[in-house]
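S.K.: got a structure for you, letters missing:
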């Protein structure tokens, strides 16, 4: 069976299996995301502590993902992903048991969030590097778009279902279903053939290999620009796990079901953006304008959200954020992966994930603190404005580099 051009990455058997498993697991992950955020608010009633839990989930990515990239380049990727996905089941089961028994406390959530972060520090660069081994460079953008479409379709389904289940049956069920959903990834990876062999080592030390990856990422102008843009937008404008539940409760004065619907709006927009990329995107390197414009759009939308007090308008804005965010993320990821040589892919993607996901602790803590001290609308204004400033500074630096080269 030959798939149409918009789905051409599915012509690769290994990617098709991997994609099916990830699609199922992503629904559970988004259910857990809703449950975790709401659980923290129920336990502490503190926006700051919600930001801390978000930071704990991504702090290890900031500290460890660059080193994890060296491991990725040295280790066969398929068994590595099997190990990380299996490990992620444990915190989900623990949260389910603690919640069901009524024993859960904030420090339990904080420790388990940190464990999730440690595993994700290795899992994220591995999965990103694995895609090109399954589909090749020519179909990489399409594979990323399809991954994003299903991941963000799960962002629609997961929070909506999760919010309803939590409201009716309690938080424990969301954690349990997420734990079970990881079995889909494990089963699909067991049938995948790609990524079973490591690349030959050059005989250098871990420190030397890490330095090679960092040196390439920081000294290649286009890669350095992308990393700067990702840091600015991700740090200050993509703190949805902190902002959206606070917005639902403090601004709209609604419960977990509205939080789930707002997250579903964000996910629906991301699905729309991913479908557009899969349908109209071409192979090769996307132009810089395809990441700069949506990056600015995300920041402006978050600023606008600070002035909105109605659910329908807020849902529409979050839908647009989802569209622009997915175009920005896919464009940035593709530019880096198309540019980097294969032997450095794991290390450079480790640096990329350190900037992309590792920026979250900084942004989550900042936004949580501003929301607690000055209110949620102020947090929206501060986050969006700092993202705009960061993009402007990166573009100014890029112009200086291009001028010097000329």
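M.R.: Done, it's in. The shown structure was predicted, so the numbers you read here are calculated from the model rather than taken from an experiment.
S.K.: tell me how many other residues surround residue 276.
M.R.: Neighbour count of residue 276, defined by other CB atoms under 10 Å: 16. For every residue, glycine as well, the C-beta is placed using N, CA and C.
S.K.: so what's the gap between whichever helix or strand residue 325 is part of and the chain middle?
M.R.: According to DSSP states H and E, residue 325 maps onto helix 311-339. Its chain's C-alpha centre and that of helix 311-339 lie 11 Å apart, by CA atoms, centre = their mean, to the nearest Å.
S.K.: and the nearest residue to residue 58 once chain neighbours are set aside, what does it touch?
M.R.: Using CB to CB, 6 or more residues apart in numbering and skipping residues adjacent in sequence, the residue nearest residue 58 is residue 360, 3.7 Å away. By CB atoms under 8 Å, 6 or more residues apart in numbering, the residues touching residue 360 are 54, 55, 57, 58, 61, 62, 234, 235, 238, 239.
S.K.: same check, this time on residue 365
M.R.: Counting by CB under 8 Å, 6+ apart, residue 365 touches 48, 51, 52, 55.
S.K.: quickly note the distance from the last one to residue 360.
M.R.: To tie it back to what came earlier, the one meant is residue 55. 7 Å (CB to CB, to the nearest Å).
S.K.: try the second one
M.R.: Here the criterion is CB to CB. By it, residue 51 lies 10 Å from residue 360.
S.K.: top of the contacts of residue 365 by neighbour count?
M.R.: residue 51 (29 neighbours).
S.K.: longest single helix anywhere in the protein?
M.R.: Counting by DSSP state H, the longest helix found in the chain is helix 13-44.
S.K.: what segments of the stretch 51-200 of the chain are helices?
M.R.: Along the stretch 51-200 of the chain, the stretches classed as helices by DSSP state H, counting those that start in this stretch are 77-87, 89-101, 106-135, 140-169, 172-191.
S.K.: how far does the first one sit from the chain's center?
M.R.: Pointing back at helix 77-87 there. For helix 77-87, the distance to the chain centre is 18 Å (CA atoms, centre = their mean).
S.K.: so what touches it?
M.R.: 25, 71-72, 119-120, 122-123, 126-127, 129-130, 133, 182, 185-186, 189-190, 192, 194-196.
S.K.: on that earlier part again, got the buried residues for the helix holding residue 325?
M.R.: 311, 314-315, 317-338 (16 or more other CB atoms under 10 Å).
S.K.: likewise for stretch 166-175?
M.R.: Of the residues in stretch 166-175, 166, 171, 172, 173, 174, 175 count as buried by neighbour count, 16+ other CB under 10 Å.
S.K.: mean confidence score for it?
M.R.: Stretch 166-175 carries an average pLDDT of 90.
S.K.: do the same with stretch 218-235
M.R.: In this model, stretch 218-235 has a mean pLDDT of 90.
S.K.: just stretch 32-52 next, same as before
M.R.: 87.
S.K.: dump the residue contacts of the residue most central in space within the chain.
M.R.: In the chain, the C-alpha nearest the mean C-alpha coordinate belongs to residue 357, at 6.4 Å (CA atoms, centre = their mean). Residues counted as contacts of residue 357 (CB under 8 Å, 6+ apart) are 58, 61, 62, 65, 120, 124, 234.
S.K.: most widely separated two among those?
M.R.: 120 and 234 (14.6 Å; CB to CB).
S.K.: compare these two (neighbour count), which wins?
M.R.: Comparing residue 120 with residue 234 by other CB under 10 Å, the one with more neighbours is residue 234, at 27 against 23.
S.K.: now residue 21: closest residue in space that isn't a chain neighbour?
M.R.: residue 188 (2.9 Å).
S.K.: report the contact partners of the one you found.
M.R.: Residues near residue 188 by CB under 8 Å, 6+ apart: 17, 18, 20, 21, 22.
S.K.: what about 7 Å?
M.R.: By CB atoms under 7 Å, 6 or more residues apart in numbering, the contact set of residue 188 is 17, 18, 20, 21.
S.K.: how about residue 57?
M.R.: Remark: with contacts taken as CB under 7 Å, 6+ apart, residue 57 is in contact with 113, 116, 117.
S.K.: at 8 Å what do you get?
M.R.: By CB under 8 Å, 6+ apart, the contact list for residue 57 reads 113, 114, 116, 117, 120, 360.
S.K.: tell me where the stretch 201-350 of the chain has helices.
M.R.: With DSSP H, counting those that start in this stretch, the ranges of helices along the stretch 201-350 of the chain come out as 206-219, 221-237, 240-246, 256-280, 289-305, 311-339, 345-356.
S.K.: which of those sits closest to residue 367?
M.R.: helix 240-246 (5.1 Å).
S.K.: that closest one packs against which elements?
M.R.: Applying 3 or more CB pairs under 8 Å, 6 or more residues apart in numbering; DSSP states H and E, one finds that helix 240-246 contacts helix 13-44, helix 47-74, helix 256-280, helix 360-374, helix 376-405.
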